[in-house]
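J.: sequence isn't available, so here's the structure alone:
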């Protein structure tokens, strides 16, 4: 599992194309830190904030799908819990796939949660 600790680093233009094609997501992009995945905060034209994730290709597909299923379960079980909500792809999937000649990457879009640091 330690080989999944280096996040991917795709060019932003490629990521934006995939986000638009798979999720219809366009907006202002800001990189976010990530231990395993390449993450961005995206603020769309309506002012809504999203997290767009390019999942690490070394992460087993089952783990990515399990994380998505867990978030979907929490949303159904208790909509008041402050956890990110999945944003489904244009085809209705929680996890989308982008393919290029060199890579196959799983993509996710989630609601961005504004948090307050508690000390």
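T.: Yes, it's here. Bear in mind the structure is a predicted one, so any value in this text is a computation, not a measurement.

J.: return the helix or strand in the chain with minimum mean pLDDT.
T.: Across the helices and strands of the chain, mean confidence by mean pLDDT, DSSP states H and E is lowest for strand 96-99: a mean of 86.

J.: remind me which residues of the protein are low pLDDT?
T.: With pLDDT under 70 as the threshold, the chain has low-confidence stretches at 1-4.

J.: list the buried ones in the longest helix along the chain?
T.: The helix spanning the most residues in the chain, taking DSSP state H as the definition, is helix 61-77. Neighbour-count burial for helix 61-77 flags 64, 67, 68, 71 (criterion: 16 or more other CB atoms under 10 Å). C-beta here means a position set from N, CA and C on the backbone, and glycine is covered the same way.

J.: which other helices and strands does it contact?
T.: Helix 61-77 sits against strand 86-87, strand 104-111, with contacts defined as 3 or more CB pairs under 8 Å, 6 or more residues apart in numbering; DSSP states H and E.

J.: what about the closest residue to residue 24 other than its chain neighbours, neighbour count?
T.: By the measure of CB to CB, 6 or more residues apart in numbering, the closest residue to residue 24 outside its immediate chain neighbours is residue 90, 5.5 Å from it. Neighbouring residues of residue 90 were enumerated by other CB atoms under 10 Å; the total is 12.
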